[in-house]
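K.L.:
Quick one, fold the following:
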Amino acid sequence: MFVILAACLLLLAACDAPTRGFGGAEVSRHTVDGSSFTVHRDGEMAQAVRTNRQLLRIGTLAGRAAVAMQQATGCR
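P.N.:
I've put the predicted structure just below:
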């Protein structure tokens with residue numbers, strides 16, 4: 001039973017679903033310097049979710065996520 005529960009949790013953790021507030025948002029996919037992101041855009045708000053595995057520092061990923069959101073929205 002524990003194995004099934006652990007497998008379900010791992011599958012949910014690997015999901016690129018948006019957080020609350022971005023449920024009906026416009027979705028686009030972007031790759032920046034080898035990092036893949038799904039960007040959810042709702043009006044003036046955007047959210048980037050990394051969809052590939054990488055061992056990078058958060059600062060590096062945050063910068064790449066910002067570029068992905070800029071590509072999705074056209075904002076600078």
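
K.L.:
gap between the residue nearest to residue 24 when sequence neighbours are not counted and residue 25?
P.N.:
Among residues not flanking residue 24 along the chain, residue 42 sits closest, at 7.2 Å (CB to CB, 6 or more residues apart in numbering). Glycine gets a C-beta too; all of them are placed from N, C-alpha and C. Distance of residue 42 to residue 25, computed by CB to CB, to the nearest Å: 4 Å.

K.L.:
Just say helix, strand or coil for residue 62.
P.N.:
Following DSSP: H, G, I helix; E, B strand; the rest coil, residue 62 is assigned to helix.

K.L.:
neighbours around it, how many?
P.N.:
A total of 12 residues lie near residue 62 under the criterion other CB atoms under 10 Å.

K.L.:
ok, and what's touching stretch 22-38?
P.N.:
Identification of contacts with stretch 22-38 by CB atoms under 8 Å, 6 or more residues apart in numbering yields 16, 18, 39-42, 45, 47-52, 54, 56, 61, 64-65, 67-68, 71-72.

K.L.:
go again using 6 Å as the cut-off
P.N.:
Residues from elsewhere that reach stretch 22-38 (CB atoms under 6 Å, 6 or more residues apart in numbering): 16, 18, 39-42, 47-52, 64-65, 67-68, 71-72.

K.L.:
Is the residue most central in space within the chain inside a helix or a strand, and which specific one?
P.N.:
The residue lying closest to the centre of the chain (CA atoms, centre = their mean) is residue 49, at 0.7 Å. Secondary structure assignment for residue 49, by DSSP states H and E: strand 45-50.

K.L.:
Determine the next helix or strand in the C-terminal direction from the helix or strand bottoming out on mean pLDDT in the chain.
P.N.:
Every helix and strand of the chain was ranked by mean pLDDT, DSSP states H and E. The lowest is helix 2-13, at a mean of 62. Downstream of helix 2-13, the next assigned helix or strand under DSSP H and E is strand 26-32.
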